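> turn this into a model:
(2 chains)
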There are 2 protein chains.
Amino acid sequence: MTVTLHVCTTCRAGEPVGDGPVPGARLHAALAAACCDGFTVVPVECLSACTQGCAIALTAPGRWTYVYGRLGHEDAAEIVSGVLAYAATKDGIVPWRERPEIFRKQSLARIPPTGETP
Amino acid sequence: MTVTLHVCTTCRAGEPVGDGPVPGARLHAALAAACCDGFTVVPVECLSACTQGCAIALTAPGRWTYVYGRLGHEDAAEIVSGVLAYAATKDGIVPWRERPEIFRKQSLARIPPTGETP
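Numbering: from 1, shown residues only, chains lettered A, B, ... in the order given. As a prediction, the model looks like this:
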């Protein structure tokens, strides 16, 4: 069962446009570099959470999907620990106290699994 | 292919606790009453979008998932029109100008389809 971490790569997180990569691209680069067995990091052009960026979406077939926001590249290690905890569950629901603080405090939404196939 | 509209039934939308149903329950009741062929309305206890409630999540296997917020029972008809437009697409992406205003302006997040089976 594959766990996917979608990362919005176009998010500017309210920063003015500059010469370097936007905050979303920096977050994606940090997560791709930190990535390990157990989940896949997938870049997405816009998760439509622009006022709460940078944003990520954590999903897997048959599990709850979670969206988190107000993140930056400096959060990469904490995000990875949260994703690995998610990957270790059957339904995506990590016990509250075992979630990283950014997952407890920066949830934008969660969506139930549908249990259906395309 | 089944389209599911998840409705958070526990959302208080910032209102004080009273005797009647909470705003999320009222929104669910309005959508269930307005529901028609083409999609299923499913109540959920908390979509974790509490500061942006009432919230709904629109999903179908193989399609983008959308989460919308700051909704009330008075939006039921507009929500239904948006869900039917979503149901008429293959990938869940409705052309921008054909989306109801509340879907254009009150997006909390969107998540790509994974194309995988549980």
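
> can we go C-alpha only for contacts and neighbour counts from here?
Fine.

> could I have the helix or strand harbouring A:G24 exported to PDB, CA atoms only?
A:G24 is located in helix A:23-34, with elements delineated by DSSP states H and E. In PDB, the C-alpha atoms belonging to helix A:23-34 read as follows (Å, rounded to 0.1, in the frame of the first residue of the first chain):
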ATOM      1  CA  PRO A  23       8.900  28.600  -0.700                       C
ATOM      2  CA  GLY A  24       6.800  25.600  -2.000                       C
ATOM      3  CA  ALA A  25       9.700  24.500  -4.300                       C
ATOM      4  CA  ARG A  26      12.100  24.800  -1.300                       C
ATOM      5  CA  LEU A  27       9.800  22.700   0.800                       C
ATOM      6  CA  HIS A  28       9.500  20.100  -1.900                       C
ATOM      7  CA  ALA A  29      13.300  20.000  -2.400                       C
ATOM      8  CA  ALA A  30      13.800  19.500   1.400                       C
ATOM      9  CA  LEU A  31      11.300  16.700   1.600                       C
ATOM     10  CA  ALA A  32      12.600  15.000  -1.600                       C
ATOM     11  CA  ALA A  33      16.100  15.100  -0.100                       C
ATOM     12  CA  ALA A  34      14.800  13.700   3.300                       C
END
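
> how about it: buried residues?
A:23-32 (16 or more other C-alpha atoms under 10 Å in any protein chain shown).

> ok, what's across the strand from the most centrally placed residue in chain A?
Most central in chain A under C-alpha atoms, centre = their mean is A:I56, positioned 2.9 Å from the mean C-alpha point. For A:I56, the residues forming beta bridges with it (DSSP bridges) are A:V7, A:Y68.

> pretty sure it sits against A:Y68.
Yes - look at A:I56 against A:Y68 with C-alpha atoms under 8 Å: they come within range, at 5.5 Å.

> how far away is the residue in chain A sticking out farthest from the centre from chain B?
What lies farthest from the middle of chain A is A:D19; by C-alpha atoms, centre = their mean that is 25.1 Å. Using C-alpha to the nearest C-alpha, to the nearest Å, A:D19 is found at 27 Å from chain B.

> kindly report the same for A:R99.
Distance from A:R99 to chain B, by C-alpha to the nearest C-alpha: 14 Å.

> grab the nearest non-local neighbour of that residue.
A:G82 (6.0 Å; C-alpha to C-alpha, 6 or more residues apart in numbering or on different chains).

> what about the helix holding A:G24, distance to the chain center?
Relative to the centre of its chain, helix A:23-34 is centred 11 Å away, using C-alpha atoms, centre = their mean, to the nearest Å.

> same check, this time on stretch A:58-69
That offset, for stretch A:58-69, works out to 8 Å (C-alpha atoms, centre = their mean).

> what segments of chain A are strands?
In chain A, the segments counted as strands under DSSP state E are A:4-8, A:40-44, A:56-59, A:65-68, A:107-111.

> please identify the most buried of these.
strand A:56-59 (a mean of 27; mean count of other C-alpha atoms under 10 Å in any protein chain shown).
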